[in-house]
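Peer 1: Sequence and predicted model, in that order:
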Amino acid sequence: MSWNDSMIKQAKKIIKMYPQKRSAIGPLLHLAQSKDGYISDDSIAVISELVGITEVQVKSVSTFYSMYKQEPTGKYLLSVCKSISCEINNSKEIIDVVKDFTGLNNNETDENDLFTFEAVECIGACGGAPAMQINYETVEGLSSENTIKLCEWLKEEQPDVIIAEEMQDNFGGTKSFDWAIKDQSGTTGSVPGFQTFNTTKEKK
Amino acid sequence: MSENIKINVNGNQIESTPNKLLIEACEDSGIHIPRFCWHKRLDPVGMCRMCLVEIETPRGKMLVPSCTTEVTDEMVVDTESEVVKKAQEGVLEFLLINHPLDCPICDKAGECPLQDQTMAYGPGESRFVEEKRHFEKPISISEIILLDRERCILCARCTRFSDEISGDPLIEFIQRGNKTEVNTFPNEPFKSYFSGNTVQICPVGALTSTSYRFKARPWDLKSVRSTCNGCPVGCSTELNSSQNKMLRILGVDNDSVNQGWLCDKGRYNFEYLNSEFRLKNPLKKIDNELKETSVKEIYTELSELISDRNTNINFLIGTNSTNEDYVAFNEFAKNFPTTNQTFYLNDDYLYAGFFEQDINRATIDDLNNSEAIVIWAEDLKENLPVLYLRVRQAVKNGVKLIVFGHSNSTLEDIADFYYSEDIVSENFEIIKDISKLKGIKEHVKDKNVTAIIGKSTPYQLDEYLDKLVSYLVENSNSKIMNAFSSGNTFGAINNLDNVKNLRDFTKNVSSENTDLLFIVGSDPIGRSVFSNEIHRIIEDIDNVVCLDLFLHETSELCNYIIPTSSTLGEKEGTFTNIEFRTSRIDKLVPSPGQSLSDWEFISGLSNFCNFINNIDSLDGLNELAYQDFDNQDSPSFKNLDKPSNFDGIINDYQPNVSTMPNETITSQYFVGKKLYGDNITIRYSDSISLLGAKQFIEASESTIEKLNLSSGECTLKQNGHQVSANYVVNNKLADGVIFIPQNRRNFNRFDFSETIEISPNQSKEALNVN
Amino acid sequence: MKETLLLTKHMRENPEDSHLIDSYEKNGGYETARRTLINGSPENVLEEIKASNIRGRGGAGFPTGVKWGFLAENEDRYLVINADESEPGTFKDRILLERDPHQLIEGIIITCFAANIKNAFIYIRGEYAKPARRVQDAVEQAYQKGYLGKNIFNSEMNLDLVVHLGAGAYICGEETALLNSLEGRRGEPRLKPPYFPAVKGLYMKPTLVNNVETISSVPWIVENTGKEYNKLGVEGSTGTRIFSLSGHVNNPGNYEIEMGSSFGEFVESLGNGIRNNKKVKAYIPGGASAPWFRGDQLDIKMTIDDVANNNSMLGSGAVVMMDEDTNLVNAAKSIVSFFAHESCGQCTPCREGTTWLEMILDRVASGRGRASDIDLLLDVCDNISPGLSWPPKMTTICPLGPSAVSPITSLMNDFREEVESLIPTKVLL
């Protein structure tokens, strides 16, 4: 097995949360992705053994979901929404700006493994259109200028923890609703920041 | 039985039974509804949407898939309305927009449901002007299967088969939506024993067999229905040939037996028929060299030898013959007054079996109709593969499964109770009180039970099995299936008067009591655990006649060699399966050179010996075989050729198998057979020849540690004989159990009753250090 | 026009800490659950829910009380909260998860009490990382307080609650696809029949699948009685509903209102009108799956039945306004692309049809259309949704395929000239 002991331990803890082992595949894939930035064949083999199904069955599940990446992603996954509310609020422009800045086409990662760009379907930020997510942390009410600034900031600062509030304060605009709560936790990788996957941290 | 119900289809009333799927109910009444994903033997998924029909509901007419809709009384159905036609045409168009136009080079063309239905229901022209979906064409997903994803219409038949039926889901949907494809995992080929079934049920040319690729067009094929003689399950087959060459074997849906499925060995082990190494002319050993001769010369010499009828003759007889062949040998033997002509069946596992009056015999269908199944036998998946599928089916239907170790560890996953080392010793003895086992108490005692019983390994003592069977007979309403695993064993024991096994052969037969030995379709030296003894005995006997397809380790020792026709496709006759079900073997292709059927040879010899020849016609032999049977129920050609009997006729004849109980010789190893091995026919069937070539042993991780193995390879040594082999980790095996496959090249020369030294492979170990 | 705050009251009044258990409890949170578990009966809870006439807030609008009533008897039953909010235009569950997770948990406790359920799951879409974190924190707080786990509120009741993250698949919002996903499978919808969740749901056991907003309403209904809830809104659309307003409006956002006022009123007052005083060209009344209304149909009432009677649906309550300058072909293309991308791929018409529609629309939108493309579009639509009627008939397993048809029929019915104008009259050879 190519997972270290602490990951295996975490995996076994996750499996225990469910009445049936197979249910844990989803979270285990997120866990795998927190390690490699994508779902490697190696991780699939580990999960297949942990859960007791064949590798191709795990792969069948993992490739169904768009968040389980089949190729390595950069440190920052830039997901610009293109669904209807964003579309009619000029998301095309935001997409172009990000493409220009990074030099990337859809689903590409740069040479430095810093950015991966993707145009995605609705991220539930329609009231704050156009919107995007960086490592699944949402920024709403984007303008072209602020989007460039955001990208520059990411490139220069290269923060280890991505926090929605921080980005929204500095680069965002109209929000879907009042976020109100000053919460300072975010994600530590190009995966959803979530307790179960050990991928969330507070900014000190 | 449930009451019949009436439904109205297209204005006509038809009868059906409740809960039947609409598509089946219509089919039963001759109304065909087009479909791709629905398959009678698979769970319906309603995915292709080709079988949409309209039914009347309180909210008006509704389009529903007929493959997932159960009929209800008074249901009103329209399978031909404008809406239905439009929907079906639409679905076909959707399927075709990404389907390549490579029918001219597609193996499926001519028998392709997509092609046929396009003819019947499809649009005349293409409205799709965009570029079609592209995939690399075709990719090899195993040694025997090719996958063309462009042709695939994503009906999920292959994925369902491998998940639901064979239980080895190695092929799956990958990606989603319009990008969905069927595929295997990188470096994890579709290495199922049942993969060929997916080719057969693929409704397009997406899955094809390497053995059949570009070989023929369906309209050029000749075909007959026959019975597979690869193992005693006796699956119904359709044999296909073109230009007198066997090209393909398909499974036929025999409801009581194989339900359409075949194992890959049964499906692909036929290419040897066309091998250049087939024996074509009779051979005779002169000065230790085999020279071509004529049958007549052999007849002359043999008839001189046995002219006084006091010759001591013996038979070492294989399980590849037809019932009619066996009858011919049996009748021939009756001409000799000596009491010792015995038929030694070429089988290490044969023992007396459980055929007594007080034991109820099980049919395969009984598996589905019992409350529990008890298995203690050779590995079913390796040796009786389609029976293994039927066990899986019964378990899926809710029948409890109790398995005694260690041979059927593959069933552990689906077994309700799997009894391993705590209960079954390394020597395959149940070491606990059977009546106190939880699974037995809960599911066997006083219940309807079907038991599959046979020797797990040639060295298992008979009494161990007796104990379990006695318990079952006394404490449950049990039916027993004797799990002998070689070809037409049941035909042999049905038709030969006195049957013994290879162990008896080594004990009883010697040059002193045998003047003439017939070896029929057998290579015991090549594959028996008693190989060395048999080798010595055969060498000693002055006159050994062998009837075979090939020269091999046994036949090359013989004085006379008669080329024979293969029971697969080159002969007519009957076959009797594990339930004593007799069905037809049929001929499709000619046999090479001067080959004869076994019975033809022996009939000719009878003539030369001036015996009363009552075995000179196939029909006569068939009549002789079943002369004691009630005419109505007898599996005579006449009866079997009635369509209602195509699936075979079961008999309750009590065979005479009288093996010496094995009381002494044991082995510290678990010796068994794998589906693919170093058998002569597999060796000469190119597509599968490599599948049984790997030399290996199996054990659990801890056992392997105890053996100090670490490099992946090891050396097996005994009395100067040495084989280098891989070792495979199988943690389902009990600790201390070492599995050694007997059907591997050079493994036959080991004496498994003695210790074999298993050591790390020296050269490899040395390499690893560096 | 004013909002009526039931579900969003606590968060409005406690903007800084509404997500924390202390804040929730200080304002009476968990009291309803506590009282119900100690003194109430499952039958009473079910009665209140039935009396409230609340209909599911996920999109289909099925009466919740009836759904609960269908749940088959079994030792193992499950509750799954559908927080896979992914319908374009919709972001109302997001606010409930982010800002008042305890209200949802309390709803879950009461629901499980009523339905005798010991295991519940919240399935949150993977992109909702922040909402999921908040809910996970809240679940942990509730466990610490003894509101989840064994002997909740010192009663006999045990309940385990797991927060499960999805991974990017709109189709998992369909309840049977969600169950497949939660079982660790591909999120493909199951066949109905036979797989009705209330009978054969999660692990083939009876399962309630309810939307976040629906279950978040449970504490209020049980506390204030179903009769009181039923008084809000109008018949057939009782209670309040959180509408997500987006598009070309001045004040987009989530608004909790009683159902019954008109879309026009809603946009003018709470949405503060269309930006730059433009006119509405078309609007989507209930998420991307819903057929559009024209700008001259703003007087339609925001109730489930009124919208249905006008051949669309209130769906997930997502209202998207498109002003007079909107390129509706691009808008339709965006929606069709969405459904093509999100098609699970198991049934033929949806897998092949949605992508084909996307290809044709793309051609038309970029000026490469053919004169025959309009008929082709409609006929391909007809092969997915025969008759192009509303509610849609379908050749597909689930309604996702027909959802891709909605924007095209809307476009063709009401804005056909806009499509035609994009098709070159002469084809150059």
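Peer 2: Thanks, I have the structure now.
Peer 1: and the next element down the chain from the longest strand anywhere in chain B?
Peer 2: If each strand of chain B is counted by residues according to DSSP state E, the longest one is strand B:721-729. Sequence order places strand B:739-741 as the next helix or strand after strand B:721-729, per DSSP states H and E.
Peer 1: Apart from its neighbours in sequence, what residue is nearest residue C:151?
Peer 2: Spatial nearest neighbour of residue C:151, excluding adjacent residues (C-beta to C-beta, 6 or more residues apart in numbering or on different chains): residue C:158 at 6.8 Å. Every C-beta, even on glycine, is put in place using the N, C-alpha and C of the backbone.
Peer 1: Test my guess that that neighbour contacts residue C:149.
Peer 2: Yes - using C-beta atoms under 8 Å, residue C:158 is in contact with residue C:149, at 7.0 Å.
Peer 1: Distance check, the residue in the stretch 551-700 of chain B positioned nearest to chain A against residue B:459.
Peer 2: Nearest residue of the stretch 551-700 of chain B to chain A, counting by C-beta to the nearest C-beta: residue B:700, 15.7 Å away. In this structure, residue B:700 and residue B:459 are 20 Å apart, going by C-beta to C-beta, to the nearest Å.
Peer 1: Same question for residue B:310.
Peer 2: 37 Å.
Peer 1: and the two? which has more neighbours close in?
Peer 2: Higher neighbour count among residue B:310 and residue B:459: residue B:459, with 21 against 10, using other C-beta atoms under 10 Å in any protein chain shown.
Peer 1: hang on, the earlier thing: who touches the longest strand of chain B?
Peer 2: Strand B:721-729 is contacted by residues B:694-701, B:704, B:707, B:709, B:712-716, B:744, B:746-747, B:749-750, B:761 when judged by C-beta atoms under 8 Å, 6 or more residues apart in numbering or on different chains.
Peer 1: 6 Å - rerun?
Peer 2: For strand B:721-729, contacts defined as C-beta atoms under 6 Å, 6 or more residues apart in numbering or on different chains pick out B:695-698, B:701, B:704, B:709, B:713-716, B:746, B:749, B:761.
Peer 1: try stretch B:422-442
Peer 2: Here stretch B:422-442 makes contact (C-beta under 6 Å, 6+ apart) with B:402, B:404-405, B:417, B:456, B:460, B:464, B:471, B:666, B:736-737.
Peer 1: ok, the longest strand along chain C: who's next to it in the sheet?
Peer 2: Longest strand of chain C, by residue count under DSSP E: strand C:240-247. According to DSSP bridges, strand C:240-247 has the following sheet partners: strand C:253-258 (antiparallel), strand C:318-323 (parallel).
Peer 1: what's the spacing between the last one and its chain's center?
Peer 2: A distance of 16 Å separates the centroid of the chain from that of strand C:318-323, by C-alpha atoms, centre = their mean, to the nearest Å.
Peer 1: The first one too?
Peer 2: Averaging C-alpha coordinates over strand C:253-258 and over its chain gives two centres that are 14 Å apart (C-alpha atoms, centre = their mean).
Peer 1: Helix, strand or coil: sort out the residue in the stretch 251-400 of chain C that chain B sits nearest to for me.
Peer 2: Going by C-beta to the nearest C-beta, chain B is nearest to residue C:383 of the stretch 251-400 of chain C, at 2.9 Å. Assigned with DSSP: H, G, I helix; E, B strand; the rest coil, residue C:383 falls in the helix class.
Peer 1: following the helix or strand hosting residue A:10, which helix or strand shows up next?
Peer 2: Residue A:10 belongs to helix A:5-16 when assigned by DSSP H and E. Remark: after helix A:5-16, the chain's next helix or strand is helix A:25-36, criterion DSSP H and E.
Peer 1: May I see the buried residues of that following helix?
Peer 2: A:25-35 (16 or more other C-beta atoms under 10 Å in any protein chain shown).
Peer 1: Not counting the lengthiest helix in chain A itself, show me its contacts.
Peer 2: If you go by DSSP state H, chain A has its longest helix at helix A:144-157. Contacts with helix A:144-157, where a contact means C-beta under 6 Å, 6+ apart, come from A:76, A:93-94, A:97, A:101, A:171.
Peer 1: With stretch C:285-303 instead?
Peer 2: The contact list for stretch C:285-303 (C-beta under 6 Å, 6+ apart) reads A:84, C:87-90, C:234, C:237, C:259-264, C:279-284, C:306-307, C:310, C:312-316, C:318, C:335, C:403, C:406, C:410, C:414.
Peer 1: Tell me which residues of that stretch come out buried.
Peer 2: Buried residues in stretch C:285-303, counted by 16+ other C-beta under 10 Å: C:285-293, C:295, C:297-298, C:300-303.
Peer 1: near chain A, which residues of chain C show up?
Peer 2: Residues of chain C lying close to chain A (C-beta under 6 Å from any C-beta of the partner chain) are C:15, C:19, C:85-86, C:88-89, C:91, C:94-95, C:126-127, C:129-130, C:132-133, C:136, C:162, C:165, C:167-169, C:182-184, C:186, C:203, C:246-247, C:252-254, C:288, C:320, C:322, C:326, C:331, C:334-335, C:338, C:341.
Peer 1: and these, which are buried?
Peer 2: For these, a neighbour count by 16+ other C-beta under 10 Å gives the buried set as C:19, C:85-86, C:88-89, C:91, C:94-95, C:126-127, C:129-130, C:132-133, C:136, C:162, C:165, C:167-169, C:182-184, C:186, C:203, C:246-247, C:252-254, C:288, C:320, C:322, C:326, C:331, C:334-335, C:338, C:341.
Peer 1: if we can go back for a sec, in the longest helix of chain A, what's buried?
Peer 2: Those would be A:146-148, A:150-151, A:153-154, for helix A:144-157 by 16+ other C-beta under 10 Å.
Peer 1: Switch those residues over to a markdown table; also include pLDDT.
Peer 2: Below are those laid out as a markdown table (pLDDT from 0 to 100):
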| residue | pLDDT |
| --- | --- |
| A:146 | 98 |
| A:147 | 98 |
| A:148 | 98 |
| A:150 | 98 |
| A:151 | 98 |
| A:153 | 98 |
| A:154 | 98 |
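Peer 1: Columns distance to residue B:498 on top of those, output as a markdown table?
Peer 2: Listed next are the buried residues of helix A:144-157 as a markdown table, based on distance: C-beta to C-beta, whole Å:
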| residue | distance to residue B:498 |
| --- | --- |
| A:146 | 96 |
| A:147 | 92 |
| A:148 | 95 |
| A:150 | 91 |
| A:151 | 90 |
| A:153 | 93 |
| A:154 | 88 |
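Peer 1: one step back: tell me how far the longest strand of chain C lies from the chain's centre.
Peer 2: Mean-position distance between strand C:240-247 and its chain equals 11 Å (C-alpha atoms, centre = their mean).
Peer 1: CA atoms only: put that strand into CSV for me.
Peer 2: Below are the C-alpha coordinates for strand C:240-247, written out as CSV (Å, rounded to 0.1, in the frame of the first residue of the first chain):
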residue,chain,number,x,y,z
THR,C,240,-42.9,30.4,3.6
ARG,C,241,-40.3,29.7,1.0
ILE,C,242,-36.8,30.9,0.5
PHE,C,243,-36.5,32.1,-3.1
SER,C,244,-33.1,32.6,-4.6
LEU,C,245,-33.3,35.6,-6.9
SER,C,246,-30.5,36.2,-9.4
GLY,C,247,-29.8,37.5,-12.9
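Peer 1: number of nearby residues for residue 171?
Peer 2: This is for chain A. By other C-beta under 10 Å, 24 other residues sit near residue A:171.
Peer 1: if you could check chain B rather than the one you did, that'd help
Peer 2: Per other C-beta under 10 Å, the neighbour tally for residue B:171 reads 29.
Peer 1: Give me the subset of the contacts of stretch B:422-442 lying in strands.
Peer 2: Of these, the ones assigned to strands by DSSP E are B:402, B:404, B:417.
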